[in-house]
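[1] structure for this input, please:
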Amino acid sequence: MSGEVWVYSESEAVASEVATAADDVAKGASAHVRMVDISSLRPTTRGSGARLLLKGPPSPEVSPAVAAEALARAARELAPLAILLGATRDGREAASRLAAKLGVGCMAEVAGLASDGQGMTGERDVFAGKVVAKVRCRFPAVATVKVGAYPRAVAQPADAQEKDVGPIPDQTKTLGREKKQAGSVDLRSAKVIVSAGRGVKKKEDLAILAELATAMRGALGCSRPLSSDLGWLPEEHHIGLTGVTVKPDLYLAVGISGQLQHVAGMKDSKIVASINTDKDAPIFQASDYGIVGDLYQVVPALRRALAARR
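    Predicted coordinates for the structure are as follows:
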């Protein structure tokens with residue numbers, strides 16, 4: 001094996017986070033990190049390791065199947081110790097395909113990565129975040145790194161190496177494309193988050209929470225129903241087990257009941273405050289501060305209190 005830990009993600013921002021995790025693995029394995037790009041994707045500029053460009057796939061939009069095949073062809077020849085991918089939708093699919101092609105173990109959605117030189121260990125939430133399990137794979141191995149679990153690596157100049165992996169036919173057939181509604185902020189980097197739940201009666205009422213978030217110099221998030229079910233906010237605002245994992249200095253949950261799936265995405269916040277009409281709402285069990293009250297009365301009062309302090 002080459003003594004390298006490879007990093008790949010179709011997202012440059014996620015690749016930068018995965019690079020930080022790869023540094024921890026590389027230190028324990030006396031290896032170094034190499035960022036991997038495929039075909040004509042924009043080269044990864046963030047990260048702490050050198051860059052490897054896999055040439056062959058002709059399309060600038062590489063599907064998970066093509067990414068897995070390209071990585072597998074290169075790995076069979078160059079034999080990295082580990083390949084870490086971001087746990088995005090595409091990354092999870094690519095990782096499972098890659099591990100199957102190489103016949104190696106795959107750790108899913110892990111954080112807290114480390115290495116003892118023979119393999120790597122990681123931690124992952126199970127039972128909707130109620131339990132943290134420690135998992136281990138011997139080298140060579142594949143893993144997907146939980147998005148939002150690591151800070152982004154500091155960009156450093158790096159040497160680039162190219163490798164031709166040959167043409168890879170993409171058997172995926174695109175039937176059509178629709179532009180995805182994009183989020184206006186990166187919740188993972190927000191220091192303050194005001195998050196909306198089903199207690200908000202209609203879409204237009206999100207404006208009062210957005211105003212509060214702005215006054216607190218924060219960002220607006222939401223629970224799954226508001227994004228996935230109602231479509232009131234883009235999916236990038238969804239915080240939870242199947243959404244974004246956040247760790248702000250202050251997390252204000254407004255009208256959120258506090259189901260385990262949501263709490264799993266914000267439980268590492270430094271301070272959690274909640275507003276809910278139900279005094280027995282589960283969110284209060286995960287909160288440092290709680291207000292039992294109607295958000296339509298409490299939020300404007302908070303807004304006025306902030307304005308009075310200026």
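
[2] which secondary element of the chain has the worst mean pLDDT?
    None of the helices or strands of the chain scores lower by mean pLDDT, DSSP states H and E than strand 160-164, at a mean of 83.

[3] for the chain, just list every one of the strands.
    Applying DSSP state E to the chain gives strands spanning 4-8, 32-38, 50-55, 82-86, 105-115, 119-126, 131-138, 141-145, 160-164, 192-196, 219-222, 250-254, 271-276, 289-292.

[4] just give me the neighbour total for the nearest residue to Glu93 once chain neighbours are set aside.
    For Glu93, ignoring the flanking residues on the chain, the nearest one in space by C-beta to C-beta, 6 or more residues apart in numbering is Pro64 at 3.8 Å. In this view, the C-beta of every residue, glycine as well, is placed from N, C-alpha and C. Using other C-beta atoms under 10 Å, Pro64 has 21 other residues around it.

[5] quick one: Pro64 from Phe284, how far?
    40 Å (C-beta to C-beta, to the nearest Å).

[6] over to Gly199?
    13 Å.

[7] what do those two both touch?
    Shared contacts of Gly199 and Phe284, defined by C-beta atoms under 8 Å, 6 or more residues apart in numbering, are found at Asn276.

[8] enumerate every residue touching the residue nearest to Cys106 when sequence neighbours are not counted.
    Leaving aside its sequence neighbours, Cys106 sits nearest to Ala99 (C-beta to C-beta, 6+ apart; 3.6 Å). Going by C-beta under 8 Å, 6+ apart, Ala99 touches 105-106, 142.

[9] now swap in Leu250 and tell me
    By C-beta under 8 Å, 6+ apart, the neighbours of Leu250 are 191-193, 216, 218, 269-271, 273.

[10] with Gly290 instead?
    273-276, 283-284.

[11] switch to 7 Å and redo it
    By C-beta atoms under 7 Å, 6 or more residues apart in numbering, the contact list for Gly290 reads 273-274, 284.

[12] by neighbour count, which of the residues you listed wins?
    Result: Ser274 is most packed of the contacts of Gly290 (other C-beta under 10 Å), 26 neighbours.

[13] ok, what's across the strand from it?
    Beta-bridge partners for Ser274, by DSSP bridges, are Ala253, Gly290.

[14] mind listing what it touches?
    253, 283-284, 287, 290.

[15] which helix runs longest in this protein?
    helix 12-29 (DSSP state H).

[16] Val7 bridge partners, please.
    Beta-bridge partners recorded for Val7 (DSSP bridges): Met35, Leu84.

[17] separation between it and Asp24?
    Here the criterion is C-beta to C-beta. By it, Val7 lies 12 Å from Asp24.

[18] report the contact partners of the spatially most central residue of the chain.
    Nearest to the geometric centre of the chain sits Val147, at 2.0 Å (C-alpha atoms, centre = their mean). With contact set as C-beta under 7 Å, 6+ apart, Val147 has these partners: 14, 17, 86-88, 245.

[19] could you dump the residues you listed into CSV with distance to Ala308, neighbour count and pLDDT added?
    CSV is the format used below for the contacts of Val147 (distance: C-beta to C-beta, whole Å; neighbours: other C-beta atoms under 10 Å; pLDDT from 0 to 100):
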residue, distance to Ala308, neighbour count, pLDDT
Val14, 41, 24, 90
Glu17, 39, 26, 92
Gly86, 43, 26, 94
Ala87, 43, 25, 92
Thr88, 43, 18, 90
Thr245, 34, 23, 86
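
[20] dump those residues into TSV; add distance to Asp37 as well.
    Below are the contacts of Val147 laid out as TSV (distance: C-beta to C-beta, whole Å):
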residue	distance to Asp37
Val14	13
Glu17	16
Gly86	13
Ala87	19
Thr88	16
Thr245	25
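
[21] list just the nearest of those to Ala153.
    Lowest distance from Ala153 to those (C-beta to C-beta) belongs to Glu17, with 7.5 Å.

[22] export stretch 141-160 to CSV, keeping only CA atoms.
    These are the backbone C-alpha positions of stretch 141-160, laid out as CSV (Å, rounded to 0.1, in the frame of the first residue of the first chain):
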residue,chain,number,x,y,z
ALA,A,141,-10.7,0.6,3.7
VAL,A,142,-13.4,3.1,2.5
ALA,A,143,-15.4,5.5,4.7
THR,A,144,-17.9,8.3,4.3
VAL,A,145,-17.3,11.2,6.6
LYS,A,146,-20.3,12.9,8.3
VAL,A,147,-20.9,16.3,6.7
GLY,A,148,-20.5,19.1,9.3
ALA,A,149,-18.5,17.0,11.7
TYR,A,150,-15.2,18.6,10.9
PRO,A,151,-14.0,22.1,10.2
ARG,A,152,-12.7,22.9,6.7
ALA,A,153,-9.0,22.4,6.1
VAL,A,154,-6.7,25.3,5.6
ALA,A,155,-5.9,25.7,1.9
GLN,A,156,-2.3,25.1,1.1
PRO,A,157,-0.3,25.0,-2.2
ALA,A,158,-0.1,21.4,-3.4
ASP,A,159,1.6,19.5,-6.2
ALA,A,160,-0.7,17.9,-8.8
